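Asker: Attaching a predicted model along with its sequence, questions to come.
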Amino acid sequence: MLQAPPGTRDLFEPEIHLWQSIEQTVRRVMALAAFSEIRTPIFEPTDLFARGIGEATDIVGKEMYTFTDRGDRSLTLRPEGTAGVSRAVIERKLLGGGGILRLWYMGPMFRYERAQKGRQRQFHQIGLEVLGCATARADAEAIALAQQILQELGIAHRTVRLNSVGTPEDRHVYRAALVDFFTPHQDKLDPDSRDRLTRNPLRILDSKDPQTQAIAADAPKLLDFLGTESRAHFDQVRSHLSDLGVDYVLDPTLVRGLDYYTRTAFEIQSSDLGAQSAVCGGGRYDRLLEQLGGAPTPAVGWAMGMERLVLLLEAQRGAIASGVEVYVVSRGGGAEAQSLVVAQNLRQQGIATELDLSGAKFDKQLKRASQSGATLALILGEAEVAQGVVQLKHLRDGTQVVVPWAEVVSHVQETLPAGWAIAKSGTLPT
RNA sequence: GCGAUCGUAGCCAAGUGGUUAAGGCAGAGGAUUGUGGUUCCUCCAUUCGUGGGUUCGAUCCCCAUCGGUCGCCCCA
């Protein structure tokens, strides 16, 4: 039996409606804030991620879908969006000699991991990046927009966790202090944390092991190691967030997993998610573009997990109307031929029309008509064809009228309840 | 990569070491020939994820394998 690869899934009704409405909200909020969409390739040179995300990270170390193409290039399915966007900005000189660029994106990402609740191998992210701006206002705006999207989607129980991870220089000093602190206790650390002592000491701080946590409580705090500029920047971000009415909690243990973050790091979590509680994560990455060969460019951004949004919204998802206004029923050669023409005429006038192709008996087709949620059933049999008319049946009250072909469209337009033209706007009712 | 747990039709879901694997939904056909969410009848898994093994005999026991789910690691 052929099946989809592990950690991937097919999306279709009714869940797909939820995706569409999320996408719609995102587009709207991004447009309101003057962000423009960017679509970058699904795969990029492996080196882009290795250099951008960091050789030592789990993503690069064990989670990338890497392959060699027929031209002997090493390519990788993108595990996240920021590296590709940064590459595009550099390569296309989107920032020119300066200025500020606001971009957003949405699309699939790939990481080779064991699937669990809220985590897939192919997953989808919505992301936002502000490039060319070092001020704390950019950080605050980015975080506020994430909150606005979540708010408008109706996601409750959100917590913003905020931290500053300083500059690489700050962290270098802090890292040494941490190693000094933990080394005498290393026998008492859990195995994972002992391993992290050499690989990534900062990670020990958010270990879930109780004994490790007890030890870590007295560890030096990263915030105490921030340089004066990082400190000032952090204070400004906090001040702006207060001005914006964005609630947050300081979390000194919040360390993002990607090497490129500097200063601001934040995460928005929901208590309704299970083990993978973060629905949005991001921060500032002032060194990334330079590291990728571009001009030094301060930047800040975030990414949201689509699957996690969907998970949060699924509980509150109601029944979704099909959007069909007219259901066309026909039986017999001439009638079936004419039904095709009638359906086309209706659609060309923006009336959502479903054509029953089964050729089954009228009672079967009418049953489906009422199940479809359509307002009207348009009935065409040999008798109607002989007279050049159709029967238009109002499925709510059961009334039925005979309408000549030439008047079908106008009659339907008059009969449909106000709001039918929603089909013309290209949006489905949600 | 590690751990736990599960895998019966499109979906939900009973079931037992032994002739024909409940039921429900959906679907198809029909109940005097063309009219709907009701009712009634009929049909719809040579087969219980896959491959081995134990057994006279396995869907039910064992092993492997492939998937799902939840968790660890890590992350959106």
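Answerer: That came in fine, so what should we check first?
Asker: Show me which residues of the stretch 1-150 of chain A sit near RNA strand B.
Answerer: When proximity is defined as Cβ under 7 Å from any atom of the strand, the stretch 1-150 of chain A approaches RNA strand B at A:1, A:3, A:5-9, A:57-59, A:63, A:80, A:111, A:113-120, A:123, A:125. For the C-beta atoms, the positions are set from N, CA and C on the backbone; glycine is no exception.
Asker: What's the PyMOL line that selects buried ones from those?
Answerer: In PyMOL, a selection of the buried entries from these looks like this (16 or more other Cβ atoms under 10 Å):
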select buried, chain A and resi 7+57+58+59+63+80+111+113+118+119+120+123+125
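Asker: Out of the residues of the stretch 1-150 of chain A next to RNA strand B, which sit inside strands?
Answerer: Among these, the members falling in strands (DSSP state E) are A:123, A:125.
Asker: doesn't A:Phe266 fall inside a strand?
Answerer: Yes: under DSSP: H, G, I helix; E, B strand; the rest coil, A:Phe266 sits within a strand.
Asker: ok but A:Ala377 is inside a strand, no?
Answerer: Yes: the assignment for A:Ala377 is a strand, going by three-state DSSP.
Asker: residues in contact with it?
Answerer: A:Ala377 makes contact with A:326-329, A:366, A:369-370, A:392-393, A:395, according to Cβ atoms under 8 Å, 6 or more residues apart in numbering.
Asker: Which among the residues you listed count as buried?
Answerer: Buried among the contacts of A:Ala377 by 16+ other Cβ under 10 Å: A:326-329, A:366, A:369, A:392-393, A:395.
Asker: can you give me the strands for the stretch 301-430 of chain A?
Answerer: A:326-330, A:353-355, A:376-380, A:389-394, A:400-404 (DSSP state E, counting those that start in this stretch).
Asker: deepest of those strands, which one?
Answerer: Mean neighbour count (mean count of other Cβ atoms under 10 Å) peaks for strand A:326-330 among the strands of the stretch 301-430 of chain A, with a mean of 27.
Asker: Any residues of the stretch 301-430 of chain A in contact with RNA strand B? List them.
Answerer: A:303-305, A:307-308, A:358, A:360-364, A:366-371, A:373, A:377, A:379, A:381-384, A:391, A:393-398, A:400.
Asker: and chain A, what are its domains?
Answerer: Domain ranges of chain A: A:15-166+A:226-314, A:326-425, per automatic domain parsing.
Asker: Among the ones you listed, show the one with the smallest mean pLDDT.
Answerer: Mean pLDDT is lowest for domain A:326-425 among these, at a mean of 88.
Asker: how far out from the middle of the chain is that one?
Answerer: 38 Å (Cα atoms, centre = their mean, to the nearest Å).
Asker: Now the two most distant members of the contacts of A:Ala377.
Answerer: Using Cβ to Cβ, the two most remote members of these are A:Ser370 and A:Leu392, lying 14.6 Å apart.
Asker: If I look at A:Thr427, what pLDDT would I see?
Answerer: A:Thr427 is given a pLDDT of 41.
Asker: Excluding sequence neighbours, find me the nearest residue to A:Asp47.
Answerer: A:Ser74 (7.4 Å; Cβ to Cβ, 6 or more residues apart in numbering).
Asker: Tell me how many other residues surround that neighbour.
Answerer: 12 (other Cβ atoms under 10 Å).
Asker: check contacts around it.
Answerer: A:45-47, A:66-68.
Asker: Make JSON lines from those residues and add secondary structure and neighbour count to it.
Answerer: Shown next, in JSON lines, are these (DSSP: H, G, I helix; E, B strand; the rest coil; neighbours: other Cβ atoms under 10 Å):
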{"residue": "A:Pro45", "secondary structure": "strand", "neighbour count": "14"}
{"residue": "A:Thr46", "secondary structure": "helix", "neighbour count": "18"}
{"residue": "A:Asp47", "secondary structure": "helix", "neighbour count": "13"}
{"residue": "A:Thr66", "secondary structure": "strand", "neighbour count": "16"}
{"residue": "A:Phe67", "secondary structure": "strand", "neighbour count": "12"}
{"residue": "A:Thr68", "secondary structure": "strand", "neighbour count": "10"}
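Asker: Show me what A:Tyr327 is bridged to.
Answerer: A:Glu354, A:Ala377 (DSSP bridges).
Asker: That one reaches A:Ile379, doesn't it?
Answerer: No: A:Tyr327 sits out of contact with A:Ile379 when judged by Cβ atoms under 8 Å, with a separation of 9.5 Å.
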